[in-house]
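K.L.:
Fold the following, please.
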Amino acid sequence: MNRIDRLFGILILLQSRKYVTAEKIASQFNISVRTVYRDMKALGEQGIPLSFEQAKGYFIVQGYFLPPISFNSDEANALLLMERFLEGFADKSITQHYTTALNKVKTVLRTSQKEKLELLNENIKLQLPERLTNNFDYLSVLQNAISAKCIIEISYKNNKEEISKREIEPIGLIFYAFSWHLIAWCHLRNEYRDFKLNNMINIHCTEIPFRRAAHMSLNDYMKLLPVNY
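P.N.:
Reported below is the predicted structural model:
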């Protein structure tokens, strides 16, 4: 990768996150931290409003936006392929949002790229087992609740077909054993519980902040799961 491409890549990375450390940039672009410092200086000299916060990293001052980004054919093809995988590993809400995002990508492609992408779209199929069919549309709502740290209310059906109403504080989503699972603190059971999304009858985001001051991390919870993912 030449330096111009690398600088553009660093700029895109900075726009995709709130903070990015020099070590993260160095690792992603296979360069030294010293080179990162030189690249950040070069971006600043080109008028990019960069700033740095100790222990967090570099960030772009709010209000700066890049013009529409162009995609090469390989990048567009990769996005198209991921749309196929979403059919089995996401739900209706995520698939809809991804399709909308992909359509926005297509608007910045050249005519020849669009034609090739449409041809490829007709010649990539994914044969999925029935157990990977997700007939719910909760993932998008749950993502928002997790990031906003809001309590949600659910009606949940257990393995005995018994339905109960729960008030929970979601900490994360895990895909394992061919199913999506929501890990959350359950006010009814007063402990962390594993809720299978296929067993949820309905969900409601209350927009009420978490009551617990702190939660265990999702990584720590995953260590407790009796599965080899």
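K.L.:
What mean pLDDT does the longest strand anywhere in the chain get?
P.N.:
Assignment by DSSP state E gives strand 163-176 as the longest strand of the chain. Strand 163-176 shows a mean pLDDT of 95.
K.L.:
can you state the direction angle for the helix or strand that comes right after it and strand 163-176?
P.N.:
Sequence-wise, the next helix or strand downstream of strand 163-176 (DSSP states H and E) is strand 179-186. Strand 179-186 runs at 120 degrees relative to strand 163-176, counting by axes from the mean of the first three to the mean of the last three Cα atoms, to 10 degrees.
K.L.:
same for strand 179-186, what does it pack against?
P.N.:
strand 163-176, strand 191-196 (3 or more Cβ pairs under 8 Å, 6 or more residues apart in numbering; DSSP states H and E). For every residue, glycine as well, the C-beta is placed using N, CA and C.
K.L.:
continuing past the last one, what's the next helix or strand?
P.N.:
Translated: strand 191-196. By DSSP H and E, the next helix or strand past strand 191-196 is strand 200-209.
K.L.:
Please save the CA atoms from whichever helix or strand comes after that next one in PDB.
P.N.:
Counting by DSSP H and E, the next helix or strand C-terminal to strand 200-209 is helix 218-222. This file holds the C-alpha atoms of helix 218-222, laid out as PDB (Å, rounded to 0.1, in the frame of the first residue of the first chain):
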ATOM      1  CA  LEU A 218     -19.900 -10.000  27.600                       C
ATOM      2  CA  ASN A 219     -16.400 -11.600  27.200                       C
ATOM      3  CA  ASP A 220     -16.500 -12.700  30.800                       C
ATOM      4  CA  TYR A 221     -19.900 -14.200  30.400                       C
ATOM      5  CA  MET A 222     -18.900 -16.100  27.300                       C
END
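K.L.:
what's the distance between helix 218-222 and the middle of its chain?
P.N.:
Distance of helix 218-222 from its chain centroid, counting by Cα atoms, centre = their mean, to the nearest Å, is 17 Å.
K.L.:
The spatially most central residue of the chain sits in which helix or strand?
P.N.:
Residue closest to the average C-alpha location in the chain (Cα atoms, centre = their mean): Gln143, at 8.5 Å. Using DSSP H and E, Gln143 falls within helix 139-148.
K.L.:
Would you mark the buried spots in that helix?
P.N.:
139-140, 142, 145-146 (16 or more other Cβ atoms under 10 Å).
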